[in-house]
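Peer 1: quick one, what's the 3D model for this:
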Amino acid sequence: MAAQQRQFLLTDPLPKVMWSLALPAIAAMLLYGLNAFMDTVFVGQLMNEAALAGIAIAYPLVGLTMGLANLSGTGAANLLSIAIGEEDLDTQAKILPNANLIVLLTSLAFAIPSYFLAPQMVGMMGGEGEVLDYGVTYFRATLWAAPLWTYGLSLNFIIRGEGRMRVAARMMAYGLGLNLVLTPVFIKYLGMGLAGAAWASNLGMLLYCVAEVRYFRRGKASFVSDVTSLAFDSGVFKRILQLGFPGFIIGMMGLIQAIVVFNAIVGVSPDGQRDLAFFAAANRIMLLLMTPLFGLMRALQPIAGVNYGAGRIERTQASYWLFVRTGFLLVFPFWIFMNVFPELSLRLVLPDFTFTDQDILYFRLYMFILPILPLVFNALTWLPAVDRPKYASYVGVARQLVFFVPVMLILPRYFGLSGIYYGATGIDIVITVWLVLLVRRAMRSQETGSQESASQ
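Peer 2: The predicted model follows:
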(Lines give C-alpha, C1' and ligand atoms only; values in the text may rest on other atoms or scores of the structure.)
Protein backbone atom coordinates (compact mmCIF):
# COMPACT_ATOMS: atom_id res chain seq x y z
CA MET A 1 0.00 0.00 0.00
CA ALA A 2 2.83 2.39 0.89
CA ALA A 3 4.64 1.71 -2.38
CA GLN A 4 1.40 2.13 -4.34
CA GLN A 5 0.69 5.50 -2.70
CA ARG A 6 4.24 6.67 -3.36
CA GLN A 7 3.99 5.66 -7.01
CA PHE A 8 0.66 7.46 -7.30
CA LEU A 9 2.19 10.71 -6.00
CA LEU A 10 5.19 10.36 -8.30
CA THR A 11 3.71 9.26 -11.61
CA ASP A 12 -0.04 9.86 -11.99
CA PRO A 13 -1.19 13.03 -13.80
CA LEU A 14 -0.79 16.00 -11.47
CA PRO A 15 -4.40 17.24 -11.77
CA LYS A 16 -5.65 13.76 -10.85
CA VAL A 17 -3.29 13.58 -7.87
CA MET A 18 -4.23 17.10 -6.79
CA TRP A 19 -7.98 16.49 -6.77
CA SER A 20 -7.62 13.08 -5.18
CA LEU A 21 -5.83 14.67 -2.22
CA ALA A 22 -7.40 18.13 -2.31
CA LEU A 23 -11.10 17.27 -2.31
CA PRO A 24 -11.12 15.49 1.08
CA ALA A 25 -8.67 18.06 2.49
CA ILE A 26 -10.85 20.94 1.33
CA ALA A 27 -13.95 19.23 2.72
CA ALA A 28 -12.23 18.80 6.09
CA MET A 29 -11.00 22.38 6.18
CA LEU A 30 -14.43 23.68 5.15
CA LEU A 31 -15.90 21.80 8.07
CA TYR A 32 -13.17 23.24 10.30
CA GLY A 33 -13.84 26.74 8.99
CA LEU A 34 -17.58 26.25 9.35
CA ASN A 35 -17.08 25.21 12.97
CA ALA A 36 -15.02 28.31 13.77
CA PHE A 37 -17.53 30.46 11.91
CA MET A 38 -20.51 28.82 13.61
CA ASP A 39 -18.90 29.30 17.02
CA THR A 40 -18.89 33.00 16.23
CA VAL A 41 -22.47 32.85 14.94
CA PHE A 42 -23.63 31.01 18.07
CA VAL A 43 -21.90 33.51 20.35
CA GLY A 44 -23.20 36.48 18.34
CA GLN A 45 -26.75 35.11 18.21
CA LEU A 46 -27.04 33.54 21.66
CA MET A 47 -24.95 35.96 23.72
CA ASN A 48 -23.87 39.56 23.03
CA GLU A 49 -21.27 41.85 21.42
CA ALA A 50 -19.04 41.78 24.50
CA ALA A 51 -18.88 37.97 24.36
CA LEU A 52 -18.09 38.14 20.64
CA ALA A 53 -15.30 40.63 21.32
CA GLY A 54 -14.06 38.40 24.16
CA ILE A 55 -13.75 35.30 22.00
CA ALA A 56 -12.11 37.42 19.30
CA ILE A 57 -9.30 38.65 21.54
CA ALA A 58 -8.79 35.22 23.18
CA TYR A 59 -8.74 33.24 19.94
CA PRO A 60 -5.21 34.28 18.86
CA LEU A 61 -3.95 33.05 22.24
CA VAL A 62 -5.76 29.75 21.72
CA GLY A 63 -4.14 29.70 18.28
CA LEU A 64 -0.75 29.31 19.96
CA THR A 65 -1.77 25.73 20.68
CA MET A 66 -2.25 25.26 16.95
CA GLY A 67 1.14 26.91 16.39
CA LEU A 68 2.74 24.27 18.61
CA ALA A 69 0.95 21.59 16.60
CA ASN A 70 2.39 23.17 13.45
CA LEU A 71 5.86 22.93 14.96
CA SER A 72 5.62 19.19 15.58
CA GLY A 73 3.02 18.23 12.96
CA THR A 74 4.12 20.09 9.84
CA GLY A 75 7.76 19.41 10.67
CA ALA A 76 7.07 15.68 11.00
CA ALA A 77 4.83 15.65 7.92
CA ASN A 78 7.42 17.41 5.75
CA LEU A 79 10.18 15.08 6.95
CA LEU A 80 7.94 12.04 6.41
CA SER A 81 7.06 13.06 2.84
CA ILE A 82 10.72 13.58 1.95
CA ALA A 83 11.66 10.27 3.62
CA ILE A 84 8.92 8.45 1.69
CA GLY A 85 10.25 9.94 -1.54
CA GLU A 86 13.79 8.86 -0.63
CA GLU A 87 12.55 5.46 0.65
CA ASP A 88 14.36 6.13 3.94
CA LEU A 89 12.66 3.60 6.27
CA ASP A 90 14.91 4.34 9.25
CA THR A 91 13.92 8.01 9.38
CA GLN A 92 10.24 7.14 8.88
CA ALA A 93 10.27 4.88 11.96
CA LYS A 94 11.78 7.61 14.17
CA ILE A 95 9.36 10.40 13.25
CA LEU A 96 6.35 9.68 15.50
CA PRO A 97 8.26 9.10 18.78
CA ASN A 98 10.22 12.32 18.33
CA ALA A 99 7.14 14.31 17.27
CA ASN A 100 5.27 13.01 20.35
CA LEU A 101 8.08 14.21 22.61
CA ILE A 102 7.90 17.68 21.05
CA VAL A 103 4.11 17.72 21.55
CA LEU A 104 4.38 16.77 25.23
CA LEU A 105 7.11 19.26 26.10
CA THR A 106 5.70 22.23 24.22
CA SER A 107 2.03 21.84 25.16
CA LEU A 108 2.67 21.56 28.90
CA ALA A 109 5.22 24.39 28.82
CA PHE A 110 2.55 26.58 27.23
CA ALA A 111 -0.62 25.52 29.04
CA ILE A 112 0.45 25.54 32.69
CA PRO A 113 1.86 29.08 32.98
CA SER A 114 -0.77 30.45 30.57
CA TYR A 115 -3.60 29.30 32.84
CA PHE A 116 -2.30 31.39 35.72
CA LEU A 117 -1.33 34.34 33.51
CA ALA A 118 -4.58 34.34 31.49
CA PRO A 119 -5.87 37.73 32.76
CA GLN A 120 -2.57 39.42 31.90
CA MET A 121 -2.38 37.72 28.50
CA VAL A 122 -5.95 38.60 27.50
CA GLY A 123 -5.42 42.12 28.83
CA MET A 124 -2.34 42.37 26.60
CA MET A 125 -4.66 41.66 23.66
CA GLY A 126 -6.67 44.80 24.49
CA GLY A 127 -9.33 43.23 26.70
CA GLU A 128 -10.94 45.40 29.35
CA GLY A 129 -13.90 45.04 31.71
CA GLU A 130 -16.59 42.62 30.53
CA VAL A 131 -14.65 41.77 27.35
CA LEU A 132 -11.61 40.82 29.46
CA ASP A 133 -13.73 38.53 31.66
CA TYR A 134 -15.23 36.77 28.66
CA GLY A 135 -11.83 36.34 27.05
CA VAL A 136 -10.23 34.86 30.20
CA THR A 137 -13.13 32.43 30.63
CA TYR A 138 -12.80 31.14 27.06
CA PHE A 139 -9.00 30.96 27.10
CA ARG A 140 -8.75 29.10 30.41
CA ALA A 141 -11.35 26.55 29.37
CA THR A 142 -9.40 25.70 26.22
CA LEU A 143 -6.12 25.33 28.14
CA TRP A 144 -7.42 22.28 29.99
CA ALA A 145 -7.25 20.40 26.69
CA ALA A 146 -4.12 22.04 25.23
CA PRO A 147 -2.14 18.75 25.07
CA LEU A 148 -5.09 17.11 23.27
CA TRP A 149 -5.26 19.95 20.76
CA THR A 150 -1.54 19.80 20.05
CA TYR A 151 -1.44 16.00 19.86
CA GLY A 152 -4.55 15.64 17.69
CA LEU A 153 -3.57 18.30 15.19
CA SER A 154 0.01 17.01 15.02
CA LEU A 155 -1.13 13.45 14.25
CA ASN A 156 -3.47 14.75 11.58
CA PHE A 157 -0.61 16.60 9.88
CA ILE A 158 1.43 13.39 9.88
CA ILE A 159 -1.42 11.40 8.29
CA ARG A 160 -1.61 14.08 5.60
CA GLY A 161 2.16 13.78 5.15
CA GLU A 162 1.54 10.18 4.06
CA GLY A 163 -0.74 11.56 1.36
CA ARG A 164 -3.84 10.04 3.01
CA MET A 165 -6.09 13.06 2.92
CA ARG A 166 -9.34 11.10 3.08
CA VAL A 167 -8.27 9.43 6.32
CA ALA A 168 -7.15 12.75 7.82
CA ALA A 169 -10.40 14.42 6.75
CA ARG A 170 -12.52 11.67 8.26
CA MET A 171 -10.69 11.95 11.59
CA MET A 172 -11.19 15.68 11.62
CA ALA A 173 -14.88 15.35 10.73
CA TYR A 174 -15.55 13.23 13.82
CA GLY A 175 -14.34 15.88 16.24
CA LEU A 176 -15.67 18.87 14.37
CA GLY A 177 -19.10 17.32 13.96
CA LEU A 178 -19.36 16.71 17.69
CA ASN A 179 -18.22 20.28 18.38
CA LEU A 180 -20.85 21.69 16.03
CA VAL A 181 -23.62 19.79 17.81
CA LEU A 182 -22.48 20.51 21.37
CA THR A 183 -21.66 24.24 21.08
CA PRO A 184 -25.23 25.68 21.10
CA VAL A 185 -26.29 23.07 23.68
CA PHE A 186 -23.51 24.03 26.07
CA ILE A 187 -23.86 27.79 25.51
CA LYS A 188 -27.62 28.12 25.84
CA TYR A 189 -29.30 25.05 27.25
CA LEU A 190 -26.66 24.22 29.86
CA GLY A 191 -25.99 27.92 30.54
CA MET A 192 -22.20 27.57 30.25
CA GLY A 193 -21.70 30.66 28.06
CA LEU A 194 -18.29 31.05 26.43
CA ALA A 195 -16.85 28.26 28.57
CA GLY A 196 -19.42 26.00 26.93
CA ALA A 197 -18.14 26.91 23.47
CA ALA A 198 -14.61 26.01 24.58
CA TRP A 199 -15.60 22.71 26.21
CA ALA A 200 -17.57 21.67 23.13
CA SER A 201 -14.35 22.12 21.15
CA ASN A 202 -12.35 20.24 23.79
CA LEU A 203 -14.66 17.21 23.69
CA GLY A 204 -14.57 17.26 19.90
CA MET A 205 -10.78 17.20 20.04
CA LEU A 206 -10.86 14.24 22.45
CA LEU A 207 -12.89 12.22 19.91
CA TYR A 208 -10.50 13.41 17.19
CA CYS A 209 -7.49 12.06 19.12
CA VAL A 210 -9.14 8.73 19.88
CA ALA A 211 -9.89 8.15 16.19
CA GLU A 212 -6.30 8.97 15.17
CA VAL A 213 -4.70 6.79 17.85
CA ARG A 214 -6.88 3.87 16.73
CA TYR A 215 -5.68 4.43 13.14
CA PHE A 216 -2.03 4.09 14.13
CA ARG A 217 -2.55 1.33 16.71
CA ARG A 218 -4.29 -0.83 14.10
CA GLY A 219 -1.21 -0.60 11.85
CA LYS A 220 -2.97 1.27 9.05
CA ALA A 221 -0.18 3.83 8.59
CA SER A 222 2.04 3.47 5.54
CA PHE A 223 5.21 3.65 7.65
CA VAL A 224 6.52 2.01 10.82
CA SER A 225 4.93 3.91 13.71
CA ASP A 226 4.32 3.70 17.45
CA VAL A 227 1.74 6.36 18.22
CA THR A 228 2.17 6.30 22.01
CA SER A 229 5.98 6.14 22.22
CA LEU A 230 8.41 8.88 23.18
CA ALA A 231 12.01 8.96 21.96
CA PHE A 232 14.81 11.38 21.26
CA ASP A 233 16.98 11.10 18.18
CA SER A 234 19.01 14.28 17.81
CA GLY A 235 19.03 14.26 14.01
CA VAL A 236 15.32 13.57 13.52
CA PHE A 237 14.29 15.81 16.44
CA LYS A 238 16.26 18.71 14.97
CA ARG A 239 14.93 18.15 11.44
CA ILE A 240 11.31 18.14 12.67
CA LEU A 241 11.90 21.44 14.46
CA GLN A 242 13.61 22.96 11.41
CA LEU A 243 10.89 21.93 8.96
CA GLY A 244 8.08 22.83 11.37
CA PHE A 245 9.50 26.19 12.43
CA PRO A 246 7.93 28.18 9.57
CA GLY A 247 4.44 27.05 10.60
CA PHE A 248 5.16 27.79 14.24
CA ILE A 249 6.66 31.20 13.61
CA ILE A 250 3.72 32.17 11.41
CA GLY A 251 1.41 31.28 14.29
CA MET A 252 3.52 33.32 16.71
CA MET A 253 3.64 36.24 14.35
CA GLY A 254 -0.14 35.98 13.99
CA LEU A 255 -0.38 36.52 17.73
CA ILE A 256 1.82 39.60 17.51
CA GLN A 257 -0.37 40.89 14.68
CA ALA A 258 -3.50 40.33 16.75
CA ILE A 259 -2.01 42.14 19.76
CA VAL A 260 -1.08 45.13 17.62
CA VAL A 261 -4.40 45.25 15.73
CA PHE A 262 -6.65 44.82 18.76
CA ASN A 263 -4.78 47.43 20.77
CA ALA A 264 -4.79 49.77 17.77
CA ILE A 265 -8.56 49.39 17.44
CA VAL A 266 -9.13 50.02 21.14
CA GLY A 267 -6.68 52.95 21.06
CA VAL A 268 -8.19 54.87 18.14
CA SER A 269 -11.87 53.88 18.28
CA PRO A 270 -14.41 55.86 20.34
CA ASP A 271 -16.32 52.59 20.77
CA GLY A 272 -13.65 49.88 21.03
CA GLN A 273 -16.07 47.06 21.91
CA ARG A 274 -18.19 47.74 18.81
CA ASP A 275 -15.22 47.91 16.47
CA LEU A 276 -13.61 44.82 18.00
CA ALA A 277 -16.84 42.91 17.41
CA PHE A 278 -16.95 44.14 13.80
CA PHE A 279 -13.33 43.13 13.19
CA ALA A 280 -14.04 39.71 14.73
CA ALA A 281 -16.97 39.22 12.36
CA ALA A 282 -14.95 40.27 9.30
CA ASN A 283 -12.06 38.07 10.39
CA ARG A 284 -14.21 34.96 10.82
CA ILE A 285 -15.84 35.47 7.42
CA MET A 286 -12.39 35.83 5.87
CA LEU A 287 -11.19 32.66 7.59
CA LEU A 288 -14.22 30.77 6.29
CA LEU A 289 -13.48 31.92 2.74
CA MET A 290 -9.84 30.89 3.11
CA THR A 291 -10.62 27.32 4.17
CA PRO A 292 -10.50 25.92 0.60
CA LEU A 293 -6.97 27.34 0.38
CA PHE A 294 -6.04 25.64 3.65
CA GLY A 295 -7.25 22.37 2.15
CA LEU A 296 -5.14 22.90 -0.95
CA MET A 297 -2.11 23.63 1.21
CA ARG A 298 -2.53 20.30 3.00
CA ALA A 299 -2.77 18.47 -0.33
CA LEU A 300 0.26 20.23 -1.83
CA GLN A 301 2.60 19.27 1.01
CA PRO A 302 2.91 15.49 0.35
CA ILE A 303 2.92 15.96 -3.43
CA ALA A 304 5.76 18.48 -3.30
CA GLY A 305 7.64 16.65 -0.53
CA VAL A 306 7.53 13.14 -1.96
CA ASN A 307 8.46 14.32 -5.48
CA TYR A 308 11.28 16.45 -4.09
CA GLY A 309 12.61 13.52 -2.07
CA ALA A 310 12.52 11.36 -5.20
CA GLY A 311 14.35 14.00 -7.27
CA ARG A 312 11.32 14.84 -9.44
CA ILE A 313 12.11 18.58 -9.46
CA GLU A 314 10.09 19.59 -12.51
CA ARG A 315 6.99 17.87 -11.14
CA THR A 316 7.52 19.48 -7.75
CA GLN A 317 7.59 22.92 -9.34
CA ALA A 318 4.61 22.26 -11.60
CA SER A 319 2.57 21.28 -8.56
CA TYR A 320 3.02 24.74 -7.00
CA TRP A 321 1.67 26.62 -10.02
CA LEU A 322 -1.18 24.15 -10.50
CA PHE A 323 -2.30 24.66 -6.90
CA VAL A 324 -2.06 28.45 -7.23
CA ARG A 325 -4.32 28.48 -10.29
CA THR A 326 -6.80 26.13 -8.66
CA GLY A 327 -6.89 28.19 -5.46
CA PHE A 328 -7.69 31.35 -7.39
CA LEU A 329 -10.56 29.68 -9.24
CA LEU A 330 -11.98 28.35 -5.96
CA VAL A 331 -12.08 31.63 -4.04
CA PHE A 332 -12.78 34.17 -6.76
CA PRO A 333 -16.57 33.56 -7.04
CA PHE A 334 -16.98 33.90 -3.27
CA TRP A 335 -14.89 37.06 -3.29
CA ILE A 336 -17.21 38.56 -5.88
CA PHE A 337 -20.28 37.64 -3.80
CA MET A 338 -18.84 39.17 -0.62
CA ASN A 339 -18.07 42.41 -2.42
CA VAL A 340 -21.54 42.62 -3.98
CA PHE A 341 -23.44 41.65 -0.80
CA PRO A 342 -21.19 42.64 2.13
CA GLU A 343 -23.91 43.52 4.62
CA LEU A 344 -25.77 40.27 4.00
CA SER A 345 -22.60 38.37 4.85
CA LEU A 346 -21.87 40.36 7.99
CA ARG A 347 -25.39 39.96 9.37
CA LEU A 348 -24.86 36.23 9.71
CA VAL A 349 -22.55 37.06 12.61
CA LEU A 350 -23.86 40.44 13.75
CA PRO A 351 -27.65 40.32 13.25
CA ASP A 352 -28.47 43.46 15.25
CA PHE A 353 -25.48 45.54 14.21
CA THR A 354 -25.94 48.94 12.56
CA PHE A 355 -23.46 49.05 9.68
CA THR A 356 -22.14 52.34 8.34
CA ASP A 357 -20.76 53.03 4.88
CA GLN A 358 -17.32 53.14 6.50
CA ASP A 359 -17.84 49.65 7.94
CA ILE A 360 -18.66 48.30 4.49
CA LEU A 361 -15.54 49.96 3.07
CA TYR A 362 -13.41 48.38 5.78
CA PHE A 363 -14.95 44.98 5.08
CA ARG A 364 -14.18 45.25 1.37
CA LEU A 365 -10.63 46.34 2.15
CA TYR A 366 -10.20 43.35 4.45
CA MET A 367 -11.43 41.03 1.69
CA PHE A 368 -9.32 42.68 -1.03
CA ILE A 369 -6.35 40.35 -0.64
CA LEU A 370 -8.30 37.07 -0.91
CA PRO A 371 -7.80 36.35 -4.67
CA ILE A 372 -4.00 36.52 -4.42
CA LEU A 373 -3.70 34.48 -1.21
CA PRO A 374 -3.24 31.22 -3.18
CA LEU A 375 0.22 32.53 -4.07
CA VAL A 376 1.00 33.11 -0.40
CA PHE A 377 -0.44 29.98 1.22
CA ASN A 378 0.96 27.57 -1.33
CA ALA A 379 4.37 29.24 -1.12
CA LEU A 380 4.41 28.85 2.67
CA THR A 381 3.62 25.15 2.20
CA TRP A 382 5.83 24.47 -0.81
CA LEU A 383 9.04 26.01 0.54
CA PRO A 384 9.34 23.81 3.67
CA ALA A 385 8.15 20.78 1.66
CA VAL A 386 11.17 21.16 -0.64
CA ASP A 387 13.56 21.68 2.28
CA ARG A 388 13.65 25.49 2.12
CA PRO A 389 12.09 26.25 5.54
CA LYS A 390 14.22 29.30 6.25
CA TYR A 391 12.66 31.25 3.37
CA ALA A 392 9.17 30.89 4.82
CA SER A 393 10.48 31.67 8.32
CA TYR A 394 12.13 34.90 7.16
CA VAL A 395 8.90 36.10 5.57
CA GLY A 396 6.83 35.17 8.61
CA VAL A 397 9.06 37.13 10.96
CA ALA A 398 9.56 40.09 8.63
CA ARG A 399 5.83 40.45 7.90
CA GLN A 400 5.11 41.17 11.53
CA LEU A 401 8.24 42.75 13.00
CA VAL A 402 9.54 44.67 9.98
CA PHE A 403 6.24 45.64 8.35
CA PHE A 404 3.17 45.06 10.50
CA VAL A 405 4.21 46.37 13.90
CA PRO A 406 5.68 49.69 12.65
CA VAL A 407 2.79 50.32 10.25
CA MET A 408 0.14 49.60 12.87
CA LEU A 409 1.88 51.79 15.42
CA ILE A 410 2.12 54.74 13.02
CA LEU A 411 -0.80 54.79 10.55
CA PRO A 412 -3.70 54.56 13.06
CA ARG A 413 -2.35 57.62 14.86
CA TYR A 414 -2.86 59.72 11.75
CA PHE A 415 -5.69 57.92 9.92
CA GLY A 416 -7.62 56.19 12.72
CA LEU A 417 -9.32 52.89 11.88
CA SER A 418 -8.71 53.48 8.18
CA GLY A 419 -4.97 53.18 8.80
CA ILE A 420 -5.44 49.67 10.20
CA TYR A 421 -7.35 48.32 7.21
CA TYR A 422 -5.38 50.12 4.48
CA GLY A 423 -2.09 49.29 6.17
CA ALA A 424 -2.87 45.58 6.51
CA THR A 425 -3.88 45.34 2.84
CA GLY A 426 -0.75 47.12 1.66
CA ILE A 427 1.51 44.87 3.73
CA ASP A 428 -0.09 41.72 2.34
CA ILE A 429 0.48 42.89 -1.23
CA VAL A 430 4.17 43.47 -0.49
CA ILE A 431 4.50 40.06 1.19
CA THR A 432 2.84 38.32 -1.75
CA VAL A 433 5.35 39.79 -4.20
CA TRP A 434 8.23 38.87 -1.91
CA LEU A 435 7.10 35.26 -1.52
CA VAL A 436 6.66 34.76 -5.25
CA LEU A 437 10.22 36.02 -5.78
CA LEU A 438 11.48 33.56 -3.14
CA VAL A 439 9.65 30.69 -4.82
CA ARG A 440 11.17 31.63 -8.18
CA ARG A 441 14.62 31.81 -6.56
CA ALA A 442 14.19 28.36 -4.99
CA MET A 443 13.05 26.94 -8.34
CA ARG A 444 16.09 28.35 -10.14
CA SER A 445 18.34 26.86 -7.46
CA GLN A 446 16.68 23.47 -7.86
CA GLU A 447 17.07 23.59 -11.63
CA THR A 448 20.76 24.45 -11.30
CA GLY A 449 21.32 21.62 -8.82
CA SER A 450 19.43 19.17 -11.04
CA GLN A 451 21.52 20.12 -14.07
CA GLU A 452 24.75 19.73 -12.10
CA SER A 453 23.67 16.27 -10.87
CA ALA A 454 22.78 15.19 -14.41
CA SER A 455 26.17 16.27 -15.77
CA GLN A 456 28.12 14.29 -13.18
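Peer 1: once you drop chain neighbours, what's closest to Ile429?
Peer 2: Spatial nearest neighbour of Ile429, chain neighbours left out: Ile369 (7.1 Å); criterion: CB to CB, 6 or more residues apart in numbering. For every residue, glycine as well, the C-beta is placed using N, CA and C.
Peer 1: now the one you found: phi and psi?
Peer 2: With angles defined as degrees, to the nearest 10, Ile369 sits at phi -80, psi -10.
Peer 1: mind listing what it touches?
Peer 2: Thr425, Asp428, Ile429, Thr432 (CB atoms under 8 Å, 6 or more residues apart in numbering).
Peer 1: out of these, which one sits closest to Tyr138?
Peer 2: Tyr138 lies nearest to Asp428 out of those, by CB to CB, at 27.6 Å.
Peer 1: burial of the closest one, as a residue count?
Peer 2: When neighbours are defined as other CB atoms under 10 Å, Asp428 has 19 of them.
Peer 1: helix, strand or coil for it?
Peer 2: Asp428 falls in the helix class when you classify it by DSSP: H, G, I helix; E, B strand; the rest coil.
Peer 1: that one and Val167, how far apart?
Peer 2: 33 Å (CB to CB, to the nearest Å).
Peer 1: most surrounded residue in the contacts of Ile369?
Peer 2: The most crowded member of these is Asp428, carrying 19 neighbours; neighbours defined as other CB under 10 Å.
Peer 1: mind checking how far that residue is from Gly191?
Peer 2: Separation of Asp428 from Gly191 (CB to CB) stands at 41 Å.
Peer 1: repeat that for Leu230.
Peer 2: Taken as CB to CB, the span from Leu230 to Gly191 is 40 Å.
Peer 1: who's more crowded, the two?
Peer 2: Leu230 (15 against 9).
Peer 1: quick check: the more buried one touching Leu101?
Peer 2: Yes. Using CB atoms under 8 Å, Leu230 is in contact with Leu101, at 4.8 Å.
Peer 1: measure Gln317 to Ala304 for me?
Peer 2: The gap separating Gln317 from Ala304 is 9 Å, by CB to CB.
Peer 1: got it, and Ser319?
Peer 2: Look at Ser319 and Ala304: by CB to CB, they are 5 Å apart.
Peer 1: repeat that for Arg140.
Peer 2: Noted for Arg140: a distance of 39 Å to Ala304, by CB to CB.
Peer 1: looking only at neighbour counts, state which of these two leads.
Peer 2: Using other CB under 10 Å, the more surrounded residue of Arg140 and Ala304 is Ala304, with 29 against 18.
Peer 1: find the nearest non-adjacent residue to that one, please.
Peer 2: Spatial nearest neighbour of Ala304, excluding adjacent residues (CB to CB, 6+ apart): Ala385 at 3.9 Å.
Peer 1: now do the buried residues in stretch 173-183.
Peer 2: Across stretch 173-183, burial judged by 16 or more other CB atoms under 10 Å covers Ala173, Tyr174, Gly175, Leu176, Leu178, Asn179, Leu180, Leu182, Thr183.
Peer 1: in helices only, show me these.
Peer 2: Using DSSP state H, the members of the buried residues of stretch 173-183 that fall within helices are Ala173, Tyr174, Gly175, Leu176, Leu178, Asn179, Leu180, Leu182, Thr183.
Peer 1: for the last one, which non-adjacent residue is spatially closest?
Peer 2: Residue nearest to Thr183 in three dimensions, not counting chain neighbours: Ala200, with 4.2 Å by CB to CB, 6+ apart.
Peer 1: and that neighbour, how many neighbours?
Peer 2: Neighbours of Ala200 under the rule other CB under 10 Å: 26.
Peer 1: same question, Ala50
Peer 2: When neighbours are defined as other CB under 10 Å, Ala50 has 17 of them.
Peer 1: likewise Arg413?
Peer 2: Neighbours of Arg413 using other CB under 10 Å come to 12.
Peer 1: isn't it up against Ala264?
Peer 2: No. With contact defined as CB under 8 Å, Arg413 does not reach Ala264; the gap is 9.0 Å.
Peer 1: where do the contact lists of these two overlap?
Peer 2: Shared contacts of Arg413 and Ala264, defined by CB under 8 Å, 6+ apart, are found at Gly419.
Peer 1: start and end of stretch 152-171, how far apart?
Peer 2: 9 Å (CA to CA, to the nearest Å).
Peer 1: now it: average pLDDT?
Peer 2: Averaged across stretch 152-171, pLDDT comes to 86.
Peer 1: what about Gln4, neighbour count?
Peer 2: Here the number of neighbours of Gln4 (other CB under 10 Å) works out to 9.
Peer 1: ok, then the element right after the helix or strand encompassing it?
Peer 2: Here Gln4, judged by DSSP states H and E, is contained in helix 2-11. Counting by DSSP H and E, the next helix or strand C-terminal to helix 2-11 is helix 14-46.
Peer 1: quick check: Gly272 touching Ile265?
Peer 2: Yes. With contacts counted by CB under 8 Å, Gly272 reaches Ile265, the gap being 6.1 Å.
Peer 1: can you point out the buried residues in the helix or strand harbouring Gln120?
Peer 2: Using DSSP H and E, Gln120 sits within helix 118-124. Residues Ala118, Met121, Val122, Gly123 are the ones in helix 118-124 that count as buried (16+ other CB under 10 Å).
Peer 1: so what touches that helix?
Peer 2: Around helix 118-124, the neighbours that count as contacts under CB under 8 Å, 6+ apart are Ile57, Ala58, Leu61, Ser114, Leu132, Gly135, Val136, Phe139, Arg140, Leu143, Ile259.
Peer 1: again, only this time at 10 Å
Peer 2: Contacts to helix 118-124, defined as CB atoms under 10 Å, 6 or more residues apart in numbering, come from residues 54, 57-58, 60-61, 64, 113-115, 117, 127-128, 131-140, 143, 255, 259, 262-263.
Peer 1: show me the contacts for Met290.
Peer 2: Contacts here follow CB under 10 Å, 6+ apart; on that basis Met290 touches Met29, Gly33, Met297, Gly327, Val331, Phe334, Leu370, Leu373, Pro374, Phe377.
Peer 1: in helices, which of those appear?
Peer 2: Filtering the contacts of Met290 for helices - DSSP H - leaves Met29, Gly33, Met297, Gly327, Val331, Phe334, Leu373, Pro374, Phe377.
Peer 1: now render those residues as TSV, adding distance to Pro246, neighbour count and pLDDT.
Peer 2: Formatted as TSV, those follow (distance: CB to CB, whole Å; neighbours: other CB atoms under 10 Å; pLDDT from 0 to 100):
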residue	distance to Pro246	neighbour count	pLDDT
Met29	19	23	76
Gly33	22	21	69
Met297	12	25	84
Gly327	19	26	94
Val331	22	22	92
Phe334	27	18	90
Leu373	16	20	91
Pro374	18	25	93
Phe377	12	19	88
